[in-house]
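1. how does the following fold in three dimensions:
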Amino acid sequence: MGAWLKLSGLIDRCNEWLGRVIMWLVLAAVLISAGNAIVRKAFNVGSNAFLEIQWYIFAAVFMLGVGYVMLKNAHVRIDFISARLSKRTNAWIDAIGIVIFTIPLSIIMIDLGWPLFYRAWVSGEVSHNAGGLIRWPALLLVPLGFAILLAQAVSELIKRVAFLRGLRDEPFSRDDHKSDEELLAEELAARSQTEAASAGARS
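-> Below you'll find the predicted structure:
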């Protein structure tokens, strides 16, 4: 199991790095979008290439960031149900979901997406819009994004199995550093509990 946990750690570090890169892509998308809007309004000059690069970057943020989201355990959950279950039960649910849904879906999407990218690459397919961009970078995001998701799903499965076998304290990765919002929420919750306890003591 030690070798598998090392593999999981390697995948996690790769997606951690990728997550930081994606943050810069968000900034790039904002700057390109703002620049394009300013030039269009101020000088009445438009560019389909600039419009499409915004779409490409937007797609890259979502497709390449899916592994980072899974790593941070920030994907959508039915919280009011999972919060009532034990960590062990949640770990079993996660492991089953990863094996039955996430891994097969990722493999299917890679299998479907790769031929589309390859045909665009070989043919040099270009956007139908005047001055548009080549299409293969956008199409590559589909198999690449699902390959990243597949790798992170394997990492998460390893962590769930290790937790169920008593080799980890937590079934998923946790950040040691909490955000300002999380610290504020904890402070407000603690203050509310203190005030409620004081009110109860007075009554």
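
2. ok now whichever strand or helix holds residue 113, how far from the chain's centre?
-> Following DSSP states H and E, one finds residue 113 within helix 103-123. When C-alpha coordinates are averaged (Cα atoms, centre = their mean, to the nearest Å), helix 103-123 and its chain have centres 20 Å apart.

3. and stretch 74-90, by the same measure?
-> 18 Å.

4. can you list the buried residues in that stretch?
-> For stretch 74-90, the neighbour count (16 or more other Cβ atoms under 10 Å) marks residue 90 as buried. Where you see a C-beta, it was placed from the backbone N, CA and C, and this is true even at glycine.

5. what about it, how long is it end to end?
-> This stretch, stretch 74-90, spans 15 Å end to end (Cα to Cα, to the nearest Å).

6. with stretch 99-108 instead?
-> Start-to-end, stretch 99-108 (Cα to Cα) is 13 Å.

7. what's that stretch in contact with?
-> Residues outside stretch 99-108 that contact it (Cβ atoms under 8 Å, 6 or more residues apart in numbering) are 146, 147, 149, 150, 153, 154, 157.

8. and which of those is nearest to residue 61?
-> Minimum distance to residue 61 across those is 14.2 Å, recorded for residue 149 (Cβ to Cβ).

9. where does the chain dip in pLDDT?
-> For the chain, the stretches flagged by pLDDT under 70 are 76-80, 174-190, 196-203.

10. what do you get if the cut-off is 80, keeping everything else the same?
-> For the chain, applying pLDDT under 80 flags the ranges 1, 45-47, 74-85, 131, 171-203.

11. quick one: the helices in it?
-> With DSSP state H as the criterion, the chain has helices at 2-43, 48-71, 79-82, 87-97, 103-123, 136-164, 180-202.

12. buried deepest among these, which one?
-> Comparing the helices of the chain by mean neighbour count (mean count of other Cβ atoms under 10 Å), helix 136-164 ranks first with a mean of 21.
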